[in-house]
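Visitor: no sequence on this one, just coordinates:
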């Protein structure tokens, strides 16, 4: 196996999931569109790095060097960093300076580099320090409530918090769900019906844009390494 990838969902209201990845040989991984920003830490050949990653509006490919070990935190939708606005992070990342194996610097403070088991503890400290926050109006919208403000205000604040429109979030999340269903054995016709795609070509376009796979590749588990929890990876 080229990559050993594990992911777990988090009980923290600030964290969507925590993931780990170890590369056993040089490979190329398909990065899938996603609506969340995150923190990622990695080591290779005795050196350490940390970066803030942003929402991705399209699929892409990325080289993964041999012997690299990653730990990542994907934050809950609607959370944001004080030092970097989420719209600034869309389709890009920012490497953090002065990173060592034990610590990294963010928002003018040095923090202890987390492992997969203590990621939530780091996030709690970031929240307590005000480095990570959220817009309560956006939180209410994400819970399905309709706040007593105009739709234009909701959309403006939603985009400021997430970097994306509500429509873009729905499209990306639907495509990721479609990929997971296909990998679990659903047919393309099943997915079209379950997720209300117009037809199979509409589904195929969404998969190509946001996932970088065809329905057949997802059902067969082919196409190479992919950064998506499809239930076919080893878990940590």
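Guide: Looks like it arrived, so ask away. Note that this is a predicted model, so its numbers are computed, not measured. Numbering: from 1, shown residues only.

Visitor: return the set of buried residues in the longest helix seen in the chain.
Guide: Criterion DSSP state H: the longest helix present in the chain is helix 166-183. Buried positions in helix 166-183, judged by neighbour count with 16 or more other CB atoms under 10 Å: 166, 168-169, 171-176, 178-183. Using the backbone N, CA and C atoms, a C-beta is placed for each residue, glycine as well.

Visitor: what's downstream of that helix, the next helix or strand?
Guide: helix 188-195 (DSSP states H and E).

Visitor: packing partners for that next one?
Guide: helix 166-183, helix 200-210 (3 or more CB pairs under 8 Å, 6 or more residues apart in numbering; DSSP states H and E).

Visitor: okay, the angle between the shortest one and helix 166-183?
Guide: Translated: helix 200-210. Going by axes from the mean of the first three to the mean of the last three CA atoms, to 10 degrees, helix 200-210 is angled at 100 degrees with respect to helix 166-183.

Visitor: could you pull out the buried residues of helix 200-210?
Guide: In helix 200-210, counting by 16+ other CB under 10 Å, buried: 203-204, 206-207, 210.

Visitor: quickly find the element holding residue 39.
Guide: Per DSSP H and E: strand 38-44 holds residue 39.

Visitor: what lines up beside that strand in the sheet?
Guide: strand 47-53 (antiparallel), strand 69-75 (antiparallel) (DSSP bridges).

Visitor: show me the longest strand that occurs in the chain.
Guide: Selection of the longest strand in the chain by residue count, based on DSSP state E, yields strand 15-23.

Visitor: that one versus strand 38-44: what angle between them?
Guide: With the same axes, to 10 degrees as the basis, strand 15-23 and strand 38-44 are set at 20 degrees to each other.

Visitor: return the list of helices and strands in contact with strand 15-23.
Guide: Against strand 15-23 (3+ CB pairs under 8 Å, 6+ apart) you get strand 3-9, strand 69-75, helix 119-128.

Visitor: would CSV of those with mean neighbour count be doable?
Guide: What follows is the helices and strands packed on strand 15-23, written out as CSV (neighbours: other CB atoms under 10 Å):
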stretch, mean neighbour count
strand 3-9, 17
strand 69-75, 21
helix 119-128, 18
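
Visitor: low-confidence regions, the protein specifically.
Guide: When residues are selected by pLDDT under 70, those of the chain lie in 1-2, 26, 230-236.

Visitor: list the contacts for the nearest residue to residue 127 once chain neighbours are set aside?
Guide: Nearest residue to residue 127 in three dimensions, chain neighbours excluded: residue 14, at 6.0 Å (CB to CB, 6 or more residues apart in numbering). Applying CB atoms under 8 Å, 6 or more residues apart in numbering to residue 14 gives the contacts 75-76, 79, 120, 123-124, 127, 132, 134.

Visitor: mind redoing it with 10 Å?
Guide: Contact analysis of residue 14 by CB atoms under 10 Å, 6 or more residues apart in numbering lists 73, 75-76, 78-79, 120, 123-124, 126-127, 132-134.
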